[in-house]
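Novice: build me a structure from this.
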Amino acid sequence: MAIPGAVGASIVDYTTGFPVATTGAAPNSDHEAAAAGTADVVQAANSRALYVSALPHDLLEDLIITTAAGYHLLRMLRTDFDSRLVLYLWLDRVQGNLAVARRRMQKLADELVAS
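Specialist: Predicted coordinates:
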């Protein structure tokens, strides 16, 4: 929540749609529904050839969904064991900065994986 403009955040197991950790607000005040939606989006992006790179072993890093009032950032957590987690951040469009948020989420993801 230290990211400027952050409204809410969570860590989601995208294979089950379960929110592992949550903080702040969630769309429609429902962290469980937001986690399930996050899982659906990540699974759809991972399973569709449209989003697959032509480069071998090129993996999905993050997704950005924009709305009139905000951004929803999803950052994959790549681990050596199973890589089932994704960071989710709801960012206010007026108060937040998308580029700053992406960099901070990348750093946070790297720190979480390293610990």
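
Novice: what about the residue nearest to the spatial centre of the chain, helix or strand, and which?
Specialist: The centroid of the chain falls nearest to Leu74 when counting by CA atoms, centre = their mean (1.8 Å). Using DSSP states H and E, Leu74 maps to strand 70-77.

Novice: can you give me the mean pLDDT across that strand?
Specialist: Predicted confidence along strand 70-77 averages 94 (mean pLDDT).

Novice: from Ile65, how far out is Ala45?
Specialist: Spatial separation of Ala45 from Ile65 under the definition CB to CB, to the nearest Å is 11 Å. Using the backbone N, CA and C atoms, a C-beta is placed for each residue, glycine as well.

Novice: ditto for Tyr88
Specialist: For Tyr88, the distance to Ile65 - CB to CB - is 10 Å.

Novice: equivalent analysis for Gly8, please.
Specialist: For Gly8, the distance to Ile65 under the criterion CB to CB works out to 14 Å.

Novice: more crowded one of these two?
Specialist: The neighbour comparison of Gly8 against Ile65 (other CB atoms under 10 Å) goes to Gly8, with 19 against 13.
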